[in-house]
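Engineer: need a structure here:
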Amino acid sequence: MTGGVIASGFAAFARSRASVARIRTKPTSFPWFMEVERPRRFRKFVVMRYPHAALSAAEDVYPERILATMRQGFVVLSRLCPHDYANVRWLSRSDWFFCPGCGAQYNAVGESRVGPTPRGLDHLASLVVNGQLDIDPDDILPGAPIGTDTTGQKITGPIFPD
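Structural biologist: Numbers count the residues shown, from 1 in each chain. Prediction:
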């Protein structure tokens with residue numbers, strides 16, 4: 001994707017959400033955990049790397065609003081399980097997310113792999129602008145359908161927390 005396409009996509013994004021405060025960050029390590037307080041709600045989210053090699057599979061599943069950030073190598077995920085709204089945990093030994101409430105398991109890009117969840121982890125609308133990640137914590141996009149596996153990531157260690 002060219003810089004011009006990202007800029008024009010951002011312009012539409014900015015017009016539609018002009019009254020919402022966005023977060024601009026430059027992640028330096030992954031997972032990059034963030035929290036933001038909003039009136040009547042608290043958002044917890046995480047920025048993860050999205051592998052370039054998985055983009056062709058992602059284009060068949062994800063909408064353009066999510067793909068634009070994936071093409072830049074990022075994915076911004078809600079840390080709430082869509083099944084029971086418990087905070088998912090990152091398990092660094094397995095490189096997967098785990099929901100302590102329902103036992104759902106998600107790969108490193110938030111795609112549901114095991115458990116009762118209705119979909120993958122939800123995404124936050126975001127774009128890369130001038131080398132920084134611009135995140136709108138109030139614009140939540142539904143996660144990928146059950147069965148989505150764009151990365152082919154396997155578990156690399158224990159899935160259950162200590």
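Engineer: quick one: contacts for residue 63?
Structural biologist: Residues in contact with residue 63, defined by Cβ atoms under 8 Å, 6 or more residues apart in numbering, are residue 141. Where you see a C-beta, it was placed from the backbone N, CA and C, and this is true even at glycine.
Engineer: pLDDT score assigned to it?
Structural biologist: Note for residue 63: predicted pLDDT of 94.
Engineer: One more: the one 5 residues further on?
Structural biologist: pLDDT recorded at residue 68 is 93.
Engineer: Relative to residue 28, how far out is it?
Structural biologist: According to Cβ to Cβ, to the nearest Å, residue 68 and residue 28 sit 21 Å apart.
Engineer: Next: residue 154.
Structural biologist: Computed with Cβ to Cβ, the distance linking residue 154 and residue 28 is 27 Å.
Engineer: out of those two, which sits in the busier spot?
Structural biologist: Ranked by neighbour count (other Cβ atoms under 10 Å), residue 154 and residue 28 place residue 154 first, with 10 against 6.
Engineer: Figure out the helix or strand that that one lives in.
Structural biologist: Using DSSP states H and E, residue 154 falls within no helix or strand.
Engineer: Please tell me how far it sits from residue 107.
Structural biologist: Residue 154 is 9 Å from residue 107, where distance means Cβ to Cβ.
Engineer: Any regions of this structure where pLDDT drops low?
Structural biologist: For the chain, applying pLDDT under 70 flags the ranges 1-22, 37-42, 159-162.
Engineer: run the last query once more with 50
Structural biologist: Within the chain, the stretches with pLDDT under 50 are 1-20.
Engineer: so what's the residue nearest to the spatial centre of the chain up against?
Structural biologist: Per Cα atoms, centre = their mean, the C-alpha nearest to the average position across the chain is that of residue 77, at 2.5 Å. Each residue near residue 77 by Cβ under 8 Å, 6+ apart is listed here: 45, 46, 47, 48, 109, 110, 121, 122, 123, 124, 143.
Engineer: Can you list the strands that the helix or strand that contains residue 133 pairs with?
Structural biologist: Following DSSP H and E, one finds residue 133 within strand 132-141. If you go by DSSP bridges, strand 132-141 pairs up with strand 23-25 (antiparallel), strand 123-129 (antiparallel).
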